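Trainee: Provide a 3D model corresponding to the input given below.
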Amino acid sequence: MPKSFKRRHSRWYEVVLFNQVFLFLLGYAVVVLLPAWLRWGSVLFSWPLAESPLNTLLANSAAYILSSAVLRKFKRFHGRSSLSFIIPTMLAAWLGVVAILLFLREEYYARQVLTYSFLLANLWAFAGYFLGLRYSKPKLALVPFGRGMELADTSRAVVTVLTRPDLDGRRYDGIVADLHSVDLPDEWERFLARCTLARIPVFHTQQVIESVTGRVRVNHLSENIFGALLPSSTYLFIKRVVDTFLVLLAAPVWLPVMLVIGLIIKLESEGPMFFVQDRVGLGNKRFRMYKLRSMRMDSEKDGAQFAEEGDARVTRTGRFIRRTRLDEIPQFLNVLKGDMSLIGPRPEQIAFVEQFEKDIPFYSYRHVVRPGITGWAQVLHGYTADVDDTSVKIEHDFYYIKHFSLWLDILIVIKTIRTVLTGFGAR
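Mentor: Prediction:
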């Protein structure tokens with residue numbers, strides 16, 4: 001490896017790490033230390049600290065570290081704007097530490113300082129987001145073979161298409177290459193090896209495409225990717241326990257709401273309050289899924305069909321509960337039974353599953369996890385109305401399975417709140 005190449009780039013990793021640590025510490029000083037200093041002044045430099053400033057510093061520190069970690073994790077998923085995650089993340093972090101203080105019956109802490117830190121944390125995160133858009137777009141060098149050229153026009157980064165296996169003295173945040181391309185010459189492979197030894201990140205094209213789109217393409221799966229798509233059995237078990245606990249904990253809220261809406265449905269139109277339908281779930285097993293009835297009793301007299309925009313089969317109450325997703329409340333019963341999870345790919349009707357398995361490669365692989373009340377495809381793509389829409393939805397489902405984790409589930413919860421408030425994708 002040429003010494004000049006290594007000399008130019010060997011410090012890249014250290015510089016990036018230093019910048020990240022510096023920004024984290026600067027943010028800590030602004031968000032945590034500044035409000036405390038304005039409140040208590042030189043008292044902060046005396047030891048031991050009084051109980052009130054100590055508890056407040058610990059609470060603000062915990063909230064700042066937690067929110068920073070969560071926002072950093074969120075950046076891994078789906079390269080669209082993360083702007084909408086900032087306030088919910090900060091709110092959850094600071095409400096969480098306040099809840100802990102109340103649970104411990106701790107009386108000595110400064111609510112005003114906590115409030116100021118929460119506001120400053122939001123300002124710091126928003127400032128970082130907008131400055132990042134303007135000044136911190138990643139600079140990527142693109143190896144022009146295989147699927148790499150699909151990223152040439154992306155707006156998420158400054159992309160330079162290389163014409164020869166050399167960086168020509170320029171610094172890049174990473175190299176993007178289709179590592180599975182059979183057309184990749186030996187000299188380019190040696191170039192990628194030199195980049196790796198110089199601590200310059202080399203990204204597989206598929207990684208970057210998935211990050212930008214939030215989808216795993218079903219037409220390019222290989223045996224290795226099937227291994228990557230296998231979800232964690234440990235997290236599957238933890239998720240099942242958490243789902244059950246949360247549904248039971250919230251039962252005093254959702255159960256009366258379900259019964260009241262059910263009574264309104266029966267008063268408005270003939271028929272039962274529930275709509276019960278066979279769906280396909282974990283391991284391709286069939287189960288009976290419950291919903292509050294939003295359509296007339298004869299809605300499927302001509303067989304299973306997609307709901308359309310302004311569907312005449314939907315009742316007046318049905319339009320409201322479909323838009324607000326209240327018709328999904330009875331699926332909490334499916335969660336308790338173990339048929340469904342709170343988060344996962346939406347379960348499809350048997351007729352549609354049989355059709356999609358013929359038309360879409362690897363369709364049944366989405367049944368490797370429990371179906372969910374909400375999911376990655378629902379919050380990004382919305383409602384599907386045909387096979388083409390479903391193909392895109394499946395790619396979102398595969399992305400969810402591949403990145404199956406607590407962080408992605410938290411992100412889906414935040415996006416679901418937006419979906420419920422805006423009615424995105426409802427029909």
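Trainee: residue ranges with poor pLDDT in this structure?
Mentor: Counting by pLDDT under 70, the chain shows low-confidence ranges at 1-17, 76-84, 132-137, 155, 217-229, 297-312, 361, 382-388, 421-427.
Trainee: show me the contacts for Leu246.
Mentor: With contacts defined as C-beta atoms under 8 Å, 6 or more residues apart in numbering, Leu246 is in contact with Leu342. For the C-beta atoms, the positions are set from N, CA and C on the backbone; glycine is no exception.
Trainee: gap between it and Asp409?
Mentor: The spacing between Leu246 and Asp409, counted by C-beta to C-beta, to the nearest Å, is 11 Å.
Trainee: buried residues, the helix ranked longest in the chain. List them.
Mentor: As assigned by DSSP state H, the longest helix anywhere in the chain is helix 233-268. For helix 233-268, the buried set under the neighbour-count rule, 16 or more other C-beta atoms under 10 Å, comprises 239, 243-244, 247, 258, 261-262, 265.
Trainee: just how off-centre is that helix within its chain?
Mentor: 22 Å (C-alpha atoms, centre = their mean, to the nearest Å).
Trainee: next helix or strand past it?
Mentor: Scanning forward in sequence from helix 233-268 by DSSP states H and E, the next helix or strand is strand 274-280.
Trainee: and for that next one, what are the contacting residues?
Mentor: With contact meaning C-beta under 8 Å, 6+ apart, strand 274-280 is reached by 262, 286-295, 327, 330, 347-350, 353, 367, 371.
Trainee: now, those that are in helices?
Mentor: Of the contacts of strand 274-280, the ones assigned to helices by DSSP H are 262, 350, 353.
Trainee: which of the residues you listed lies closest to Arg72?
Mentor: Of all the ones in helices among the contacts of strand 274-280, Val353 has the smallest distance to Arg72: 37.6 Å, by C-beta to C-beta.
Trainee: how about the closest one, nearest residue that isn't a chain neighbour?
Mentor: Spatially, and ignoring its direct neighbours in sequence, Val353 is nearest to Val280 (4.7 Å; C-beta to C-beta, 6 or more residues apart in numbering).
Trainee: just give me the neighbour total for that neighbour.
Mentor: 22 (other C-beta atoms under 10 Å).
Trainee: next one: Gly281
Mentor: Per other C-beta under 10 Å, the neighbour tally for Gly281 reads 22.
Trainee: look up how far Lys337 lies from it.
Mentor: In terms of C-beta to C-beta, Gly281 sits 10 Å off from Lys337.
Trainee: circling back: drop anything exposed from the contacts of strand 274-280.
Mentor: For these, buried by 16+ other C-beta under 10 Å: 262, 287, 289-295, 327, 330, 347-349, 353, 367, 371.
Trainee: residues shared between the contacts of Gly281 and Lys337?
Mentor: Both Gly281 and Lys337 are in contact with Phe287, where contact means C-beta under 8 Å, 6+ apart.
Trainee: quick check: domain ranges of the chain?
Mentor: The record's domain parsing of the chain by automatic domain parsing lists 3-135, 139-213, 233-422.
Trainee: give me the distance from the shortest one to the chain's centre.
Mentor: Averaged C-alpha coordinates place domain 139-213 at 26 Å from its chain's average position (C-alpha atoms, centre = their mean).
Trainee: can you give me the end-to-end span of it?
Mentor: Start-to-end span of domain 139-213 (C-alpha to C-alpha, to the nearest Å) is 18 Å.
Trainee: surely Arg286 meets Ile350?
Mentor: Yes: counting by C-beta atoms under 8 Å, Ile350 is a contact partner of Arg286 at 6.6 Å.
Trainee: quick check, Leu140 in a strand?
Mentor: Yes: the assignment for Leu140 by DSSP: H, G, I helix; E, B strand; the rest coil puts it in a strand.
Trainee: before we move on, the earlier item: hey, what's in contact with both of Leu246 and Asp409?
Mentor: Common neighbours of Leu246 and Asp409, counting by C-beta under 8 Å, 6+ apart, are absent.
Trainee: the nearest residue in space to Pro88 that is not next to it in sequence: neighbour count?
Mentor: Leaving aside its chain neighbours, Pro88 sits nearest to Ile414 (4.8 Å; criterion: C-beta to C-beta, 6+ apart). Counted with other C-beta under 10 Å, residues neighbouring Ile414 total 18.
Trainee: kindly report the same for Gly41.
Mentor: 9.
Trainee: cool, the one 5 residues further on as well?
Mentor: Counted with other C-beta under 10 Å, the burial measure for Ser46 works out to 10 neighbours.
Trainee: ok, Ile401 to Gly372 distance?
Mentor: As for Ile401, its distance to Gly372 is 12 Å (criterion: C-beta to C-beta).
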